[in-house]
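In: just need the structure, nothing else, for what follows:
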Amino acid sequence: MRPALGFIALALALSACGTSVQRMDAGEVKDVSGRWNDTDSRQVAEEMISDSLSRPWYSAAHQALGKNPTVIVGSVKNQSQEHINTDTFVEDLQRALINSGKVEFVAGKGERGEVRDERLDQDTHASEETRKAHGQEIGADFMLSGALNQIVDQEGGKAVVFYQTNLKLLDMKSHKIVWNGQKKIKKFVKRSKAGW
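Out: Numbering: from 1, shown residues only. All right, here's what the predicted structure looks like:
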């Protein structure tokens, strides 16, 4: 009888420690750790792009070019203490720019390299009618780049985590900074045990 009770107790203890997974809507906001997350990335990108396109540089560029300006996203550096995948943030920036309908958008450095390799391959393997010629790419008029910064003020199990995202839009011809944007996020995080 005792071995059976011990086995049942062990089985209950192990089942209580099991992993539980609950599916969520991708747009649902759930801040578990207080760190930079998908919601921060999306909201910062959308707000900053919206701000950028409402500033004087846009109408001036549109008038001077006679068309929507062409933009490329350069590097966004992670200067925070956290591991932040800036690739997802860059994708959020690209999506917000493209979906605005106010700019033309060209591929970044890595994507251009793949396309150029494919064109070289087409030179050998594709028919004359379907082969894409070299030297037909569209050059960007402006480049968007920036950095993610963080300040953590902590004591025991409490912390205030401050994020500041700085983005700049540079004129590719003159190197003039035509827009400088900034978005701040502040989070108060309380943990039962200090685990910073």
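In: identify the residues contacting G146.
Out: By CB atoms under 8 Å, 6 or more residues apart in numbering, the residues touching G146 are V76, K77, T165, N166, L167, K168. (Each C-beta comes from the backbone N, C-alpha and C, glycine too.)
In: take those and write them to a markdown table, including distance to N37, neighbour count and pLDDT.
Out: A markdown table is the format used below for those (distance: CB to CB, whole Å; neighbours: other CB atoms under 10 Å; pLDDT from 0 to 100):
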| residue | distance to N37 | neighbour count | pLDDT |
| --- | --- | --- | --- |
| V76 | 16 | 21 | 93 |
| K77 | 19 | 14 | 95 |
| T165 | 14 | 24 | 96 |
| N166 | 19 | 18 | 97 |
| L167 | 19 | 23 | 96 |
| K168 | 24 | 17 | 97 |
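In: out of the residues you listed, which sit inside strands?
Out: The strands, defined by DSSP state E, take in V76, K77, T165, N166, L167, K168 from those.
In: where's E155 relative to V115, distance?
Out: To V115, E155 is 51 Å away according to CB to CB, to the nearest Å.
In: higher neighbour count, these two?
Out: A count of neighbours by other CB atoms under 10 Å puts V115 above the other of E155 and V115, at 12 against 9.
In: can you tell me the element the closest residue to that one other than its chain neighbours falls in?
Out: Nearest residue to V115, sequence neighbours excluded (CB to CB, 6 or more residues apart in numbering): A107, at 6.8 Å. Per DSSP states H and E: A107 is located in neither a helix nor a strand.
In: equivalent analysis for the one 5 residues further on, please.
Out: Mapping R112 onto the secondary structure by DSSP H and E places it in helix 109-125.
In: and that helix, what's buried?
Out: Across helix 109-125, burial judged by 16 or more other CB atoms under 10 Å covers R119.
In: direction included, what does the helix or strand just after that helix pair up with?
Out: Downstream of helix 109-125, the next assigned helix or strand under DSSP H and E is strand 142-155. As defined by DSSP bridges, the strand partners of strand 142-155 come to strand 70-78 (parallel), strand 158-171 (antiparallel).
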